Each structure stands twice: as structure tokens, then as C-alpha cells.
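[1] Output the structure for:
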Amino acid sequence: MTGLTATPVTGIGEVRSGDDLAALLAAAADLADGDVLVVTSKVVSKAEGRVVGGDKEDAVEAETAAVVARRGPTTIARHRLGLVMAAAGVDTSNTEPGTCVLLPLDPDRSARALRDRLHALTGANVAVLVSDTFGRAWRLGQTDVAIGAAGIEVIDDHAGRTDTHGNPLHVTAPAVADQLTAAAELVQGKTTGVPATVVHGLGRRVLPRGEHGPGAGALIRPEAEDMFGLGAREAVMSALGDPPSPGFGAPAPAEDLLAAFARMGHHGEETDHGVRVVLPVDPRAGGRAEAMLEAAAHAHGWQRVATHADSVTFRVATP
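    Residues are numbered from 1 along each chain as shown. Modelled structure (predicted):
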């Protein structure tokens, strides 16, 4: 076990569109084989010309694939890259008034390009992480995470290993790339004008020259596995059809849907055509029950496919 040191990279100055960011970093940083260079997404975006003028809300809308939650002026959105973050990653800090900084078009590609260029300039085999600031759904405050990566395994999957007591490990998988970007932010800060940090002491994790690894995209939880794909209010409204959205993770198995219907007091069964649920005899109650059953089915990833005089049939929703 070795210790780590994190050294801020100073003297970069204001980065503008078209600047050779790798050359600026190479001149300012003392890089050696096995180092991990953490670079903020903002300077990567600036160098790549990802600064736009106009209204921030328009920029957020353009970068948004889906709204996860909205409360007043705050929007949590799923970015087109799959990242779920405030304002779809659009930032108006540390940029000229009236402009917005967007995320890099492809942060993993940006990290790979920086890594290759830094090797050409310095001869050092370093890993590169592109960082951005994220909030956390269950904790206050923010921390930096990796949205781009090259030359490092971004996650250390412990599946198949055992702990010190011999217990098998099944779900332990430290997000190494996020841990490193969080550590780097401690020495960078948000108002110091320091856009990068060199982390020394993790050479064992840096991949050989020419091997970039899976990239930070491998850390994005697939939408079908996201059990919290909508805010609480949005989840209720989505289940009621306003607006319709999958947003509830992978479809539940038929037995889970049947159990939910049973808790609502409705009998159902699995058939060759899907899940069939019997409606109340009273037409007025039946109409209300049908709406509630449809909302429950939607929340489980199922959709209505047939309505009969005495029953409704649901199947797994198709995209």
C-alpha cells in the first residue's frame, strides 16, 4: 500500500476555443509515468469551443434528453450522454457574462486525445480524467466525478473476491475514477482558477500505452437499471399519464405486478397474452379501477393492450 499526493497545476490562465490544452498542461505540470491527470470539464469544453451565447434555459433544453425532476428554477436532467445532473451540465460560472459552457461532446474521446497528445509532448504514460461537479440525491453538497477517462480502469469490481473474514464479495465495486476526481478537487477548489491536478502514487492502476480502458461512460448506470429515474413528484405524475414516461427502471416481472394488483384489492392472472385483471362489476367503480390499474402497471413498466367488458390485459411496455 502506497500513499497518494495530489498537486494542483497552476499557471494555465484563461483557456479559449482552439487552444492546445495538452500543450498548456504539459508546460505547467511535471508529469511522469504512472501519474493520473485530472482536468476539469470546463477547460476541456472551452478549448473545444463548447461555449455558447444566449439564454441558459435554452441551452439546458438543447442539452436535455429527459427531465428527471424540476423544482422552481432547478432542473435535474438526463443529459444526452446519459449523465443525470443539474441543468444538464450547462454552467454559467467562470465564463464571460451572457455565455454558457456546455459539456464536451464526448468526454471519453477528449480524455483519450489529451492522453495521446501528452504522451507525444512529454513521453510520459499518464491516465487522464475529465471531471465535473455532481450533487447526490441522498446527501447534501456536491463532489467531483469523472465524466471522461482514458488510461485507467474506472471501476474496481470486487466480485469473486473475499473479505478479510473469507466472506464472498458480490456488489463491492469502488468507482476509482470518481474517487480520484473528488480527491483532486480538494486541491483545485472552485474559485482558484486551477483547472487540473496531478495525482501521484497510483501507477499500478494506469494502463499501458495504447490501452485507454472503458472510459467513464462505463460508470453511467443504464436507464433500465435506474430505480430512481424520476423525482418523487414526477414519478407519481408519470404513472398517472402526465407526461407518459418509462422512468421506473427495468419492467417488473409478472408476479410483482400481480402482487401490486392484489394489494390494491384486484384479482389478476398471467395468461399467454399478458397479465389479465378482473374489473369491478359496478361500471363507475370499474372506470376508476381501470385508471388506477393502468397507473400501477405503468409504474411497473407494463402497458394496457386490451380492455374487455370485465377485465383489462397488460403487457410489458415497448419503447
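[2] Show me how the chain divides into domains.
    What automatic domain parsing lists as the domains of the chain is 5-50+103-220, 232-316.
[3] Among those, show me which one is buried the most.
    domain 5-50+103-220 (a mean of 18; mean count of other C-beta atoms under 10 Å). C-beta: built from backbone N, CA, C; applies to glycine.
[4] gap between it and the chain center?
    Domain 5-50+103-220 sits 16 Å away from the centroid of its parent chain (C-alpha atoms, centre = their mean, to the nearest Å).
[5] and what of stretch 290-304?
    Worked out by C-alpha atoms, centre = their mean, stretch 290-304 lies 27 Å from the chain centre.
[6] Centroid-nearest residue for this protein?
    The geometric centre of the chain, computed from its C-alpha atoms, lies nearest to L83 (C-alpha atoms, centre = their mean), at 3.1 Å.
[7] ok, now which ones touch it?
    If a contact means C-beta atoms under 8 Å, 6 or more residues apart in numbering, then L83 has G89, L103, I147, I220 as its contacts.
[8] wouldn't the second one be in contact with L81 here?
    Okay, so that is L103. Yes: here L103 lies in contact with L81, judged by C-beta atoms under 8 Å, at a distance of 6.9 Å.
[9] shared neighbours of the two, anything?
    Listed as contacting both L103 and L81 by C-beta under 8 Å, 6+ apart are I147.
[10] any idea how far A306 is from A239?
    Taking C-beta to C-beta, to the nearest Å as the measure, A306 falls 20 Å from A239.
[11] Point out where the chain drops to low pLDDT.
    The model of the chain has pLDDT under 70 over residues 1-2, 159, 191, 243-244, 246-247, 283-286.
[12] Next, please give the residue ranges for the helices of it.
    All helices of the chain, identified by DSSP state H, fall at 21-28, 41-47, 56-63, 107-122, 176-188, 232-239, 254-263, 283-299.
[13] Redo these as CSV? Include distance to G213.
    Converted to CSV, those look like this (distance: least, C-beta to C-beta, whole Å):
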stretch, distance to G213
helix 21-28, 19
helix 41-47, 18
helix 56-63, 26
helix 107-122, 9
helix 176-188, 9
helix 232-239, 35
helix 254-263, 37
helix 283-299, 37
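[14] Tell me which of these approaches G274 most closely.
    helix 254-263 (8.0 Å; C-beta to C-beta).
[15] Contacts for that closest one, please.
    Contacts for helix 254-263 (C-beta under 8 Å, 6+ apart): 267-270, 274-275, 277, 293, 296-297, 300, 302, 314.
[16] just stretch 6-25 next, same as before
    Applying C-beta under 8 Å, 6+ apart, the contact partners of stretch 6-25 are 28-30, 37, 39, 43-44, 46-49, 51, 113-114, 117-118, 121, 183-184, 186-188, 192-200.
[17] Please tabulate the domains of the chain in a markdown table and include distance to T95 as additional columns.
    Shown next, in a markdown table, are the domains of the chain (distance: least, C-beta to C-beta, whole Å):
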| stretch | distance to T95 |
| --- | --- |
| domain 5-50+103-220 | 8 |
| domain 232-316 | 30 |
